[in-house]
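1. quick one, fold the following:
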Amino acid sequence: MTRIIIVIVAYLIGSIPFGYWIVRGKIGTDIRETGSGGTGATNVSRRAGKAAGVLTLLLDAAKGSAAVLIAKAGGGDEWVIAAAAIAVLVGHMFPVWLGFRGGKGVATGVGIFLILAPIALLCAGVIFLSIVFFTRFVSLGSIVGAVVIPLFVWLQTLVVQPVPDLRPLLSAAIVGALLIVFAHRGNIERLARGTESRF
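-> Here you go, the predicted structure:
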C-alpha cells in the first residue's frame, strides 16, 4: 500500500502546474493557448519573459527531485523509486488539475536525474546546450538530450558508479526518454517542415 501511495504522491507533485500559474498570475492568460501549448519554461519565457521562464524551470525541476527524494525517504526499493520518477513526469505532462494538458517534461526530468544519475545528466546537458547553441532549437536539444540519457545512465553505472541492479534506473531513463519524445511530437513535425521556432 505504501508503494502505491508513493507513486500517487509523485504523480500529484508532478501535476502542480507552476508554469500555468506563473503566466496566469502575471498576464492573466492561459499559457496553453499560445506558442507550443506547453506549460514549460521555454513557452513561459516566450509569453511572460525570461525571469518567468527561469522560475518555471527551477520549480518544475524541483518537482522531479522532490518526488524522487520522497520515494527514497519513504523506504521505497529501486523499482518504487523508478516508478515515482515516471509518475512525476507523467503528472507534469498530464496534470489532473489542467485537464491532462501540461508540459513536455524536460525540466522535471532534469530534477529527477539530478538525484538519480547526476553525471549522466551532466553529460546529456552538455549535448543539450551544444545543440541549442549551434541551432537555437530548444526542442531539438531537449529531444536529443532525452534520448541520450539512457546511454549515459548505463555508462555512469558501468564506469563511475556501479549499482547492484541497473534495471530500475535504466527503465526509468528509457520510459522517461520515450515520454519526452512523445510530448515533442508536434515539435518534431515542425522541425521536419522547417517551421519550428528558434529560441
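2. could you give me the buried positions within the helix or strand residue 44 falls within?
-> If you go by DSSP states H and E, residue 44 is part of helix 41-48. The neighbour-count check on helix 41-48 (16 or more other C-beta atoms under 10 Å) flags 41-48 as buried. Any C-beta I mention is one placed from the backbone N, CA and C, and that applies to glycine too.
3. I'd say residue 12 and residue 92 touch.
-> No: Residue 12 lies out of contact with residue 92 (C-beta atoms under 8 Å); the separation is 10.9 Å.
4. okay, the worst-scoring helix or strand of the chain on mean pLDDT in PDB with CA atoms only?
-> Counting by mean pLDDT, DSSP states H and E, the chain has its least confident helix or strand at helix 41-48, which shows a mean of 84. Extracted as PDB, the C-alpha positions of helix 41-48 are listed here (Å, rounded to 0.1, in the frame of the first residue of the first chain):
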ATOM      1  CA  ALA A  41       9.900  27.100 -19.200                       C
ATOM      2  CA  THR A  42      10.500  27.700 -22.900                       C
ATOM      3  CA  ASN A  43       6.900  28.600 -23.700                       C
ATOM      4  CA  VAL A  44       6.600  30.600 -20.500                       C
ATOM      5  CA  SER A  45       9.600  32.600 -21.300                       C
ATOM      6  CA  ARG A  46       8.300  33.400 -24.700                       C
ATOM      7  CA  ARG A  47       5.000  34.600 -23.300                       C
ATOM      8  CA  ALA A  48       5.900  36.100 -19.900                       C
END
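5. give me the contacts around that helix.
-> Applying C-beta atoms under 8 Å, 6 or more residues apart in numbering, the external contacts of helix 41-48 come out as 19, 22-23, 26-27, 29, 31, 34-37, 52-54, 56-57, 60, 103, 106-107, 138-139, 197, 199.
6. quick check: next helix or strand after it?
-> Note on helix 41-48: by DSSP H and E, the next helix or strand toward the C-terminus is helix 50-73.
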